[in-house]
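Student: Prediction below, plus the sequence it came from.
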Amino acid sequence: MKKQKVVYWSITGGIIFFMLFSAYYAGTNAAEFKHLGFPNYFRIELIMIKIIGVVLLLIPQVNQRVREWIYVGFAINLFSAFVAKLNSGYSILASLEPLLVLVIILTGLFYLEKIRKTTAPENER
């Protein structure tokens with residue numbers, strides 16, 4: 001159980017770092033975001049949502065079901081980033097970067113579920 005929590009929190013730390021960096025980059029490089037074809041208000045919305053998700057992931061008392069949905073939101077964001085980059089003239093290699101982070105998120109979800117199964121009462125499994 002301890003190993004699972006260490007792995008989960010390590011992955012979560014990496015995701016938090018990536019999402020904060022992504023929010024910072026979107027906030028300081030509006031032209032790059034415009035190149036992807038998104039309006040400015042959507043860029044600001046994504047920045048706010050990423051920061052809210054990160055803050056909630058940092059609070060240990062947040063329910064695991066809420067954590068799962070935060071991960072799902074990040075996964076949708078990353079898959080959308082992959083599609084946007086692929087359709088905006090980026091190279092295949094540059095387009096695959098969000099999918100790599102998506103695999104890391106899926107690994108985090110896997111460990112979150114393992115932790116949930118070991119800590120949930122028998123009738124909730």
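Tutor: Received the coordinates, thanks.

Student: Surely Leu46 and Ala26 touch.
Tutor: Yes. With contacts counted by Cβ atoms under 8 Å, Leu46 reaches Ala26, the gap being 6.1 Å. In this view, the C-beta of every residue, glycine as well, is placed from N, C-alpha and C.

Student: mind listing the strands for this protein?
Tutor: For the chain, applying DSSP state E gives no strands.

Student: Quick check, central residue of it?
Tutor: Centroid check for the chain by Cα atoms, centre = their mean gives Phe74 as the closest residue, at 3.3 Å.

Student: Just give me the neighbour total for the closest residue to that one other than its chain neighbours.
Tutor: Spatial nearest neighbour of Phe74, chain neighbours left out: Ile105 (5.7 Å); criterion: Cβ to Cβ, 6 or more residues apart in numbering. Per other Cβ atoms under 10 Å, the neighbour tally for Ile105 reads 23.

Student: Touching, Ile105 and Tyr71? I think so.
Tutor: Yes. Between Ile105 and Tyr71 there is a contact under Cβ under 8 Å: 5.5 Å.
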